[in-house]
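Asker: what shape does this take:
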Amino acid sequence: MHGRESQTVLDVLGIGFGPSNLALAIALEELTAPPLTSRFLERQPRFGWHRGMLIDDATMQVSFPKDLVTMRDPSSDFSFLYYLREKGRLVDFINQKTLFPLRAEFHDYFAWAAGRLAHLTEYSAEVVAVEPVHQRGEVRAFDVISDEGGMTVRRRARTLSIAAGLKPHLPPGTVLSERVWHTSEVLPRVAELLESGHPVRRALVLGAGQSAAEVVDLLHRTFTEAEVCGVFGKFGYTPADDSPLANRVFDPAAVDVFYGAPPEVKRSILDYHRGTNYSVVDIDLIQSLSSTMYRERLHGRQRLRMLNVSRVHEVREHAGGLEVTVEDLATGRREALAADVLVHATGYRPHDPAALLGETAKLCLRDDEDALRVHRDHRIVLAPHVTADIYLQGATEHTHGLTSTLLSTVAVRAGEIRDSLLTRRHSPAVPS
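Answerer: Reported below is the predicted structural model:
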């Protein structure tokens, strides 16, 4: 493997280029003075945000003003409304009378914004190591080593911004295959199945959240001869609480409240408001699925089923398909179902920053529960001899609350990080 070493010492090096670091890149790009040099590394070959779930009629769960910039600077030309004007759809969108764009359209907005910052981004760049740079007893910078198409590239930066995104969460022992999927790959898998011409007689979807319900609906509409079963431990899908007062937990001011609260209050807030985000479904989709089930019962051909108060006990894959054993949690009775597809709508978890940082993770301080300590300005608390900084976006629900992995405050957070960078830019010089 060949190597290359950058001679430039960057002010900021971003790891990951999803919405969080994209919003930060915009905030830095919009600086007039003093400028901060930045670069962003992304392991995907091009910008992509939940591509596997860009179902054609799926809408956003957050309103469009919670875009990359508006809550930080409504006059920015990186806003969703500016994007619509550039695409010639502003008037048409306004006529839709909605705050919630199609998910595919918001993805296109993100890609449009990322395209304008292509000069700051390296795609197909997978970070393989992060090394501290020592000088006179201090760590004043970090070297980030990335694999870029077989070439090893080393870059040095005074500050890192880690926004590595989320990874699919699967039950222990789950093995993905052509018939066993996670929702993150649903659309390409469905396309492959349609192209193959293999019949789908039964599909099971494990999970009780928005993605689970969307996939149940998608499979039911796509495979019109198949039985589609939702499998979950509840009696039914729980409606998302998107009422105005409950939604205040996503306000920027709520981050201050949460950050300053004692640990037991933090836990209570997360428990109280879990229904705004976790294992909940839009009420319109719940009603649509319920109506479909009732209509099918009326006509005597029920293809859509809900296997509630149940769990998947065992999955066996053979040449002809799957045998999925579903256990009724109330009675303990188990039923073996022949299936062609099993989809795990079992959510995501933030990537572990320690795994990415490697040996550098030893410089990061932790609390009594072994969670990373993080300052209010999103900097990881580092050992006293470290004068370089690492900002963390996404894996901070324990310190900054429910918005950490969501879009609600990405614009505001980007502004906070930019302001912190400017405040701290007078740190000791980094050796080149």
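Asker: once you drop chain neighbours, what's closest to A58?
Answerer: Spatial nearest neighbour of A58, excluding adjacent residues (Cβ to Cβ, 6 or more residues apart in numbering): R103 at 4.6 Å. Placement of C-beta: from N, CA and C, glycine included.
Asker: quick one, what contacts I286?
Answerer: A213, G236, Y237, P239 (Cβ atoms under 8 Å, 6 or more residues apart in numbering).
Asker: sheet partners, orientation included, of the worst-scoring helix or strand of the chain on mean pLDDT?
Answerer: In the chain, no helix or strand scores lower on mean pLDDT, DSSP states H and E than strand 2-15, which sits at a mean of 86. Here strand 2-15 is paired, per DSSP bridges, with strand 38-41 (parallel), strand 151-162 (parallel).
Asker: buried ones in that strand?
Answerer: By 16 or more other Cβ atoms under 10 Å, the buried positions in strand 2-15 come out as V9, L10, D11, V12, L13, G14, I15.
Asker: ok, for the residue most central in space within the chain, nearest residue in space, not its chain neighbours?
Answerer: By Cα atoms, centre = their mean, the chain has its centre lying nearest to L166, at 4.7 Å. Nearest non-adjacent residue to L166, counting by Cβ to Cβ, 6+ apart: Y348, 3.6 Å away.
Asker: any idea how far G209 is from that neighbour?
Answerer: 10 Å (Cβ to Cβ, to the nearest Å).
Asker: more neighbours: which of the two?
Answerer: G209 (20 against 16; other Cβ atoms under 10 Å).
Asker: residues contacting E131?
Answerer: By Cβ under 8 Å, 6+ apart, the neighbours of E131 are F142, D143, V144, I145, E359, T360.
Asker: max pairwise distance over the residues you listed: which two?
Answerer: The span of those, defined through Cβ to Cβ, is set by V144 and E359 at 12.9 Å.
Asker: looking at those two, which is more packed in?
Answerer: Taking other Cβ under 10 Å, V144 and E359 do not tie; V144 has more neighbours (26 against 10).
Asker: what angle separates the helix or strand harbouring that one from strand 2-15?
Answerer: Using DSSP states H and E, V144 sits within strand 138-148. Strand 138-148 runs at 110 degrees relative to strand 2-15, counting by axes from the mean of the first three to the mean of the last three Cα atoms, to 10 degrees.
Asker: just list what strand 138-148 packs against, helices and strands only.
Answerer: strand 2-15, strand 126-135, strand 151-162 (3 or more Cβ pairs under 8 Å, 6 or more residues apart in numbering; DSSP states H and E).
Asker: can you rerun that using 10 Å?
Answerer: On a contact count with 3 or more Cβ pairs under 10 Å, 6 or more residues apart in numbering; DSSP states H and E, strand 138-148 meets strand 2-15, strand 38-41, strand 126-135, strand 151-162, strand 389-392.
Asker: what mean pLDDT does it get?
Answerer: Averaging pLDDT along strand 138-148 yields 97.
Asker: swap in stretch 89-108?
Answerer: So the average pLDDT for stretch 89-108 ends up being 98.
Asker: follow-up on the earlier one: could you report the neighbour count for the residue nearest to A58?
Answerer: Around R103 there are 20 residues (other Cβ under 10 Å).
Asker: what residues are up against the closest residue to S408 other than its chain neighbours?
Answerer: Nearest residue to S408, sequence neighbours excluded (Cβ to Cβ, 6+ apart): F250, at 4.0 Å. By Cβ atoms under 10 Å, 6 or more residues apart in numbering, the residues touching F250 are 62, 66, 242, 273, 276-277, 401-403, 406-409.
Asker: E227 - nearest residue in space that isn't next to it in sequence?
Answerer: R202 (4.6 Å).
Asker: surely the one you found is in contact with A338?
Answerer: Yes. With contact defined as Cβ atoms under 10 Å, R202 counts as touching A338 (6.4 Å).
Asker: all helices for the stretch 301-432 of the chain, in order.
Answerer: With DSSP state H, counting those that start in this stretch as the criterion, the stretch 301-432 of the chain has helices at 353-357, 397-400, 410-423.
Asker: next one: E397 relative to V374, how far apart?
Answerer: Distance of E397 to V374, given as Cβ to Cβ: 10 Å.
Asker: which of those two has more residues huddled nearby?
Answerer: V374 (24 against 17).
Asker: roughly how far does the more buried one sit from R43?
Answerer: 24 Å.
Asker: picking up where we left off before, which residues touch the residue nearest to the centre of the chain?
Answerer: Residues near L166 by Cβ under 10 Å, 6+ apart: G18, H50, S184, G347, Y348, R349, P350, H351, G394, A395, T405.
Asker: how far off centre is the helix ranked longest in the chain?
Answerer: Using DSSP state H to define each element, the chain has its longest helix at helix 283-299. Helix 283-299 sits 30 Å away from the centroid of its parent chain (Cα atoms, centre = their mean, to the nearest Å).
Asker: same deal with stretch 267-278?
Answerer: 18 Å.
Asker: can you check stretch 343-363 too?
Answerer: Worked out by Cα atoms, centre = their mean, stretch 343-363 lies 12 Å from the chain centre.
Asker: cool, stretch 348-367 as well?
Answerer: In terms of Cα atoms, centre = their mean, the centre of stretch 348-367 is found 18 Å from the chain centre.
Asker: just stretch 174-181 next, same as before
Answerer: Distance, stretch centre to chain centre, for stretch 174-181: 21 Å (Cα atoms, centre = their mean).
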